[in-house]
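J.: what's the 3D shape of this:
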Amino acid sequence: MGHLLRRVFVRHRYWLGVGALVLVTAPLGVGNRPLWVGAETREAAIAKQMADSGDFFRTRLAGRAMHEKPPFFYASVASSIRLHRGVTRFSTRLPSILFSAMTLFSAAAVAFLLFSPRAGLFTAAILATTYLFAVNAHDCVVDVPLTAFVSLGLLAFTASSRRAGAPRWDVWFGLAAAGALLAKGFIGLALLAILTVPFWIFTSERRRLRDSVSALALLVPFAALLLWSGLTYGRSGTSGLFEAFWTQQFGRLFGFRDREYSHHEAPFYFYLAALPGMLFPWVVTLPAALGSGLRAEGRRPQGSRPVFLALLTGLAAALLFLSLAGTKRTIYFLPVVPIVAILVGSYLDAKLGEAGARVPRFLWLQFAVVSLTAVAVPLLPAWADRRITAGEAAGVAAVALLCAALGFAARRSPARLVSITLAVAIGAVVLLDRYSLPRWNRDRSTWDFFSRVEKRLAAGGGRVVAYDLNEDVLGLACLQLTRDPLAEDDPARLEEDLKDPNTYLLIEKRALRHIAPSWAAKLERIEAGRAGNRSISLYRLREADRPGPQPLPLLASVPRGIGRARLPPSRSAVEAKALVNAAGEEKPPDEHRQKDRARDRGDLGAGRLADPK
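T.: Just a heads-up that it's a prediction; the model follows:
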């Protein structure tokens, strides 16, 4: 029995290593990290409202319809919320945990098929410790399932091409493409085409393209598109279809003006400038891997597979495509990171295969960068608190001594140095989750503010109306408050709402300028605090300015929300709205959502390095 287990271990040791890596990294960034103000709070709030309503194909935030992405990822999060009977850090992130595991296995399998089993293990370890993947892989954001299905599609293409002896897109590729489409839209299909077509272009003896693509590889994504379109039309009609496909899908690609995503416009070189941070720390080895691969391509025997050239071309084409897009955020580059991991992992594998090789200088540089990162991880709480405790100083010293000892032990062995570098990188990620994040009380004031608001609402049975509120903050309010706030963009309707003594106004300090001064003076601030980096307050109408009991006028026929009727605006409300319109410039239809999404914080919790302002 022991001999059999030994044989199984020796034969499948690299796959067992990938499985162990997935198990070690699966809980990271889940239990010890709250839902910080960012895209994650917004996406989780949409899923929560989906779970509360029971309608798993309608995306709404605080009563406002959201057509930016297909509803299927939100439906998976809503199912997890219902399964765990509430919104928790684990329930909102469980689908992303599964999708990130799918990405790790798929990337490792691609490297296994194209290079070697050891390259597959290196690829998984490098991907799991690359900055952009490590800080986003378990976040409740749509880019995580998109990355998983793009990696799965590349695996399906690689496997079918290997079986056919030539580039081949089969039904399994079609299923992965359908998943990518339903995760985030047409960007999934575009990335899969960009990453796989170079294999067909550079193959010397290739079939015609129409003979390489099976009918099901096209029909399955088309069926997924019909499903998404049908659900959108059934829920929102023609206007919903126009918003979802033209305004959101093509608008984000071409960069339409005066939209809620317009603040994500950035220069062409945005991703190129962000590459060192997004691919940290393995950006040190990437130039050596690219240079070595290009030299090897010059010596490649005629008729052999141009694997490296196809991967490099796909990477460059994806970078160019994303750079040409009208909107840019670092997290949009996430589906391309597995390609970088495959290139670096295969290069390290090839380097270790060189007999009698000395330890290259770049390996020492890579080890130094990874070691300094591990030493800096215990300092994150000190950076937030602006002081270093004795325990933190001792932790830094211990990590530094350990890295020095490991480097000394591997000074004459490239294989040992690579293994130690990967182990230290994984250890740094684990240390970040287990030590630094629990001590990093960066959003304590945010939780204190919403705790006070919740106590006030519970005592008086009131409700909250949010005006001109950033959508990430609005999402956090939906998650923190027992009763979801209602988003309102019309000053006249807002005044009517606040005449109810049990209605409160949640608003940012900057948004008060959009309210007529004569009417804003009637507001009484009862709570103040911060949500992330934003000043936010809770107001209500002063008691002296509330109207007395009056007979109810006829209800207007224009509904707002679900099952609510609208009172006709009073003369003062109309005057207030006129003052706002006269004082401010003309506002496009999406101005409120544009302001609500603008100045999103670029931080570790939001999974962004430097989002354009």
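J.: lowest-pLDDT helix or strand in this protein?
T.: Least confident helix or strand of the chain, by mean pLDDT, DSSP states H and E, is helix 571-583 with a mean of 42.
J.: contacts for stretch 18-35?
T.: 41, 44, 89-90, 92-93, 97, 100-101, 104-105, 108, 120-121, 124-125, 128, 134-135, 137-140, 426, 429-430, 432-434, 437-438, 443, 447, 476, 479, 605 (CB atoms under 8 Å, 6 or more residues apart in numbering). Backbone N, C-alpha and C define where each C-beta goes, glycine included.
J.: list only buried entries from those residues.
T.: 41, 44, 89, 92-93, 97, 100-101, 104-105, 108, 120-121, 124-125, 128, 134-135, 137-140, 426, 429, 432-433, 437, 443, 476, 479, 605 (16 or more other CB atoms under 10 Å).
J.: the residue sitting nearest the centre point of the chain and residue 496, how far apart?
T.: Centroid-nearest residue in the chain: residue 141, 4.0 Å away (criterion: CA atoms, centre = their mean). Using CB to CB, to the nearest Å, residue 141 is found at 36 Å from residue 496.
J.: again, but for residue 381
T.: Here residue 381 is placed at a distance of 47 Å from residue 496 (CB to CB).
J.: which of these two has more neighbours?
T.: residue 381 (22 against 18; other CB atoms under 10 Å).
J.: that one contacts residue 436, correct?
T.: Yes. Look at residue 381 against residue 436 with CB atoms under 8 Å: they come within range, at 5.8 Å.
J.: give me the element residue 183 is part of.
T.: For residue 183, the host element (DSSP states H and E) is helix 171-184.
J.: using CSV, write down the CA coordinates of the next helix or strand after that helix.
T.: On the C-terminal side of helix 171-184, the nearest following helix or strand under DSSP H and E is helix 186-202. These are the backbone C-alpha positions of helix 186-202, laid out as CSV (Å, rounded to 0.1, in the frame of the first residue of the first chain):
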residue,chain,number,x,y,z
PHE,A,186,-18.8,40.8,-25.2
ILE,A,187,-15.4,41.5,-23.7
GLY,A,188,-15.2,37.8,-22.8
LEU,A,189,-15.6,36.7,-26.4
ALA,A,190,-13.1,39.4,-27.6
LEU,A,191,-10.4,38.2,-25.2
LEU,A,192,-10.9,34.6,-26.0
ALA,A,193,-10.5,35.3,-29.7
ILE,A,194,-7.5,37.5,-29.1
LEU,A,195,-5.7,34.8,-27.1
THR,A,196,-6.5,31.8,-29.3
VAL,A,197,-6.4,33.0,-32.9
PRO,A,198,-2.5,33.6,-32.8
PHE,A,199,-2.1,29.8,-32.4
TRP,A,200,-3.9,29.4,-35.7
ILE,A,201,-2.0,32.2,-37.4
PHE,A,202,1.5,30.9,-36.5
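J.: so which elements touch helix 186-202?
T.: helix 143-164, helix 171-184, helix 307-324 (3 or more CB pairs under 8 Å, 6 or more residues apart in numbering; DSSP states H and E).
J.: can I get the ones you listed in JSON lines with mean pLDDT?
T.: JSON lines is the format used below for the helices and strands packed on helix 186-202 (pLDDT from 0 to 100):
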{"stretch": "helix 143-164", "mean pLDDT": "96"}
{"stretch": "helix 171-184", "mean pLDDT": "97"}
{"stretch": "helix 307-324", "mean pLDDT": "96"}
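J.: minimum distance to residue 300: which of those helices has it?
T.: helix 307-324 (8.3 Å; CB to CB).
J.: what helices and strands are in contact with that closest one?
T.: Looks like helix 307-324 contacts helix 186-202, helix 270-278, helix 286-298, helix 337-352 (3+ CB pairs under 8 Å, 6+ apart).
J.: so where's this protein shaky on pLDDT?
T.: Applying pLDDT under 70 to the chain flags residues 1, 302-304, 355-357, 441-442, 544-613.
J.: can you list the domains in this structure?
T.: 12-353, 354-440, 456-547+577-597 (automatic domain parsing).
J.: from one end of the shortest one to the other, what's the distance?
T.: Start to finish, the residues bounding domain 354-440 are 44 Å apart (CA to CA, to the nearest Å).
J.: so who does the nearest residue to residue 195 once chain neighbours are set aside touch?
T.: Once flanking residues are discounted, residue 195 sits nearest to residue 314: 4.1 Å by CB to CB, 6 or more residues apart in numbering. Residue 314 makes contacts with 194, 195, 196, 197, 198, 339, as judged by CB under 8 Å, 6+ apart.
J.: show the contacting residues for the first one.
T.: This points to residue 194. Here residue 194 is in contact with 314, 317, 318, 321 (CB under 8 Å, 6+ apart).
J.: adding distance to residue 470, write those out as CSV.
T.: Formatted as CSV, these follow (distance: CB to CB, whole Å):
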residue, distance to residue 470
314, 36
317, 35
318, 30
321, 29
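J.: most surrounded residue in those residues?
T.: Going by other CB under 10 Å, residue 314 tops the contacts of residue 194 with 22 neighbours.
J.: re the thing from before, tell me how far the residue nearest to the centre of the chain lies from residue 52.
T.: 20 Å.
J.: before we move on, what about residue 173?
T.: 37 Å.
J.: higher neighbour count, the two?
T.: residue 173 (29 against 14).
J.: does the more buried one touch residue 160 like I think?
T.: Yes. When contacts are counted by CB under 8 Å, residue 173 is listed as touching residue 160 (6.6 Å).
J.: touching, residue 214 and residue 175? I think so.
T.: No. Residue 214 lies out of contact with residue 175 (CB under 8 Å); the separation is 11.7 Å.
J.: what helix or strand is residue 540 on?
T.: Per DSSP H and E, residue 540 falls inside strand 534-541.
J.: that strand: which residues count as buried?
T.: For strand 534-541, by 16+ other CB under 10 Å, it's 534, 536, 537, 538, 539, 540, 541.
J.: equivalent analysis for stretch 379-398, please.
T.: Going by neighbour count (16+ other CB under 10 Å), the buried part of stretch 379-398 is 379, 380, 381, 382, 392, 395, 396.
J.: can you check the distance spanned by that stretch, start to finish?
T.: So stretch 379-398: terminal residues 13 Å apart, CA to CA.
J.: what's the answer for stretch 480-489, then?
T.: 21 Å.
J.: and for stretch 274-288?
T.: Stretch 274-288: ends 19 Å apart by CA to CA.
J.: show me what that stretch is in contact with.
T.: 126, 129-132, 271, 330, 333, 337, 340-341, 343-344, 347-348, 360, 362-363, 365-366, 369-370, 373, 425, 609-610.
J.: now list the buried members of the residues you listed.
T.: Those of the contacts of stretch 274-288 that meet the buried threshold are 126, 129-132, 271, 330, 333, 337, 340-341, 343-344, 347-348, 363, 366, 369-370, 373, 425, 609, by 16+ other CB under 10 Å.
J.: so the nearest residue to residue 155 once chain neighbours are set aside versus residue 95, what's the distance?
T.: Nearest residue to residue 155, sequence neighbours excluded (CB to CB, 6+ apart): residue 106, at 4.5 Å. Counting by CB to CB, the separation of residue 106 from residue 95 is 16 Å.
J.: in a strand, residue 448, correct?
T.: No. Assigned with DSSP: H, G, I helix; E, B strand; the rest coil, residue 448 falls outside any strand and is helix.
J.: wait, it touches residue 528, no?
T.: No. Using CB under 8 Å, residue 448 makes no contact with residue 528, being 11.0 Å away.
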